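>>> One predicted model, sequence on top.
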Amino acid sequence: MAVNAIFRAIIAVMAIGLCMYAFMPAVYTLYFQQSYWAEMGAGPNRIKDNIYTALLALPLFMVGVVFLWSYVAVQKKDY
């Protein structure tokens, strides 16, 4: 059971990394290469920074959830 959970956790972390690798060019383009961000004031730029930070922090939380799921799956008692 533990080997199965570890194997699934490794695949899940790899999938998270692959998704980040696939979608980061779009996030980078939305953040750095849009001309309308430069024309706005400080308020919308703060919102843009918060959205970018959240998109970068999301995979960290997802990896944490995968490790928590793995721990719970391995610690499950079968009576």
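Noted; the coordinates are in hand. A quick note: this is a predicted structure, and the numbers were derived from the prediction, not measured. Numbering: from 1, shown residues only.
>>> Per-residue confidence, the most centrally placed residue in the chain, what does it come out as?
The centroid of the chain falls nearest to Pro59 when counting by CA atoms, centre = their mean (1.7 Å). Looking at Pro59, its pLDDT is 89.
>>> What strand or helix carries it?
Here Pro59 is covered by helix 42-75, with elements defined by DSSP states H and E.
>>> Okay, buried residues for that helix please.
Buried positions in helix 42-75, judged by neighbour count with 16 or more other CB atoms under 10 Å: 55, 59, 62, 66, 70. Where you see a C-beta, it was placed from the backbone N, CA and C, and this is true even at glycine.
>>> ok, the fourth one to Tyr36 distance?
In this case it means Val66. 36 Å (CB to CB, to the nearest Å).
>>> How about residues contacting stretch 60-79?
1-2, 5-6, 8-9, 12-13, 16 (CB atoms under 8 Å, 6 or more residues apart in numbering).
>>> which helices and strands sit right next to the helix-or-strand element of the chain with minimal mean pLDDT?
When each helix and strand of the chain is scored by mean pLDDT, DSSP states H and E, helix 35-39 comes last, with a mean of 71. Helices and strands touching helix 35-39, as assessed by 3 or more CB pairs under 8 Å, 6 or more residues apart in numbering; DSSP states H and E, comprise helix 42-75.
>>> so how far is Pro59 from Ala22?
For Ala22 relative to Pro59 (CB to CB), the value is 12 Å.
>>> What of Thr53?
Thr53 is 12 Å from Pro59, by CB to CB.
>>> for Ala15, same thing?
Distance from Ala15 to Pro59, by CB to CB: 11 Å.
>>> Now do the same for Ala12: its pLDDT.
Ala12 is given a pLDDT of 92.
>>> That one: helix or strand, and which one exactly?
Secondary structure (DSSP H and E) places Ala12 in helix 2-32.
>>> and the angle for that helix with helix 42-75?
Orientation of helix 2-32 against helix 42-75 (axes from the mean of the first three to the mean of the last three CA atoms, to 10 degrees) gives an angle of 170 degrees.
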